[in-house]
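Visitor: I would like to see how this sequence folds:
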Amino acid sequence: TRMGTAALLRGLLFKAREYEEKWEAYEKGEAEKKPDFDMQLDAMRPVMRREIPLKAHAHRADDIFTALRIAKEFDLKITLDHCTDGALIVDELAEEGRPVLVGPTLGSKSKVELAHKSFETPGIMAKAGLLTAIITDAPVIPLQYLPLCAGLAVKSGMEPEEAWKAVTINPAEVAGIGDRVGSLE
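Guide: Presented below is the predicted three-dimensional model:
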């Protein structure tokens, strides 16, 4: 269930926060005993330290809101991946100011969560001032269709320059590598 998924995520984040606190205390010399290594929780350390974002894959508005609440609860950076219902809640998303990765939009509405899938969504997000990326969720939609997706977003109202940014510098910025890739200077 959706509530069950949120509970599992919160449970993992509670454990990850405790794990990070133990390691921080040990690394500062405030704890004598080295914490036991846990591969899953160790992988969460960069998320808990806000070095990388929590990647929330959410199509529906209610799932997007749940992901945002959890990110606030644990003071985490977050990206909203898919964001299919984003156009329905664009004002709330603009207030949050979190990056949105929209897609995959090419293809059929193969499940109920995709009912509002539209190439208009990336343009609506960009116009609201959100850092917007267009994604194919490769291999769901092969990466070579990314320019086509940007073109279809332009056809659906996105400004051409914003569409270029949505497939170049914006995803690079979201990934934290915009200083090295994503633009020509």
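Visitor: what about Leu146, how many neighbours?
Guide: Residues lying near Leu146 (other C-beta atoms under 10 Å) number 20. Heads up, the C-betas are built off the backbone N, CA and C, glycines and all.
Visitor: which residues touch it?
Guide: 134-136, 167 (C-beta atoms under 8 Å, 6 or more residues apart in numbering).
Visitor: Look up which helix or strand it falls in, please.
Guide: For Leu146, the element it lies in under DSSP states H and E is helix 146-155.
Visitor: Mind checking what helix or strand follows that helix in sequence?
Guide: Downstream of helix 146-155, the first helix or strand assigned by DSSP H and E is helix 160-166.
Visitor: just the CA coordinates of that following helix, formatted as PDB?
Guide: Output in PDB follows, covering the C-alpha atoms of helix 160-166 (Å, rounded to 0.1, in the frame of the first residue of the first chain):
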ATOM      1  CA  PRO A 160      12.400  26.100 -26.600                       C
ATOM      2  CA  GLU A 161      15.200  27.300 -24.500                       C
ATOM      3  CA  GLU A 162      13.700  25.800 -21.400                       C
ATOM      4  CA  ALA A 163      13.400  22.400 -23.200                       C
ATOM      5  CA  TRP A 164      17.100  22.600 -24.100                       C
ATOM      6  CA  LYS A 165      17.900  23.300 -20.500                       C
ATOM      7  CA  ALA A 166      15.600  20.400 -19.400                       C
END
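Visitor: Give me the residues contacting it.
Guide: Residues outside helix 160-166 that contact it (C-beta under 8 Å, 6+ apart): 102, 122-123, 126-127, 132-134, 150-151, 153-154, 158.
Visitor: go on, stretch 36-45?
Guide: By C-beta under 8 Å, 6+ apart, stretch 36-45 touches 12-13, 15-16, 19-20, 23.
Visitor: Show me what the residue nearest the centre of the chain is bridged to.
Guide: The residue lying closest to the centre of the chain (C-alpha atoms, centre = their mean) is Thr79, at 2.2 Å. On the basis of DSSP bridges, Thr79 is bridged to Lys55.
Visitor: Model confidence score at it, please.
Guide: The per-residue pLDDT reported for Thr79 equals 96.
Visitor: gap between it and Glu51?
Guide: Going from Thr79 to Glu51 by C-beta to C-beta, to the nearest Å gives 14 Å.
Visitor: Dihedrals phi and psi, the residue lying farthest from the centre of the chain?
Guide: Within the chain, the residue lying farthest from the chain centre (C-alpha atoms, centre = their mean) is Glu32, at 37.3 Å. Main-chain torsions, Glu32, degrees, to the nearest 10: phi -80, psi -40.
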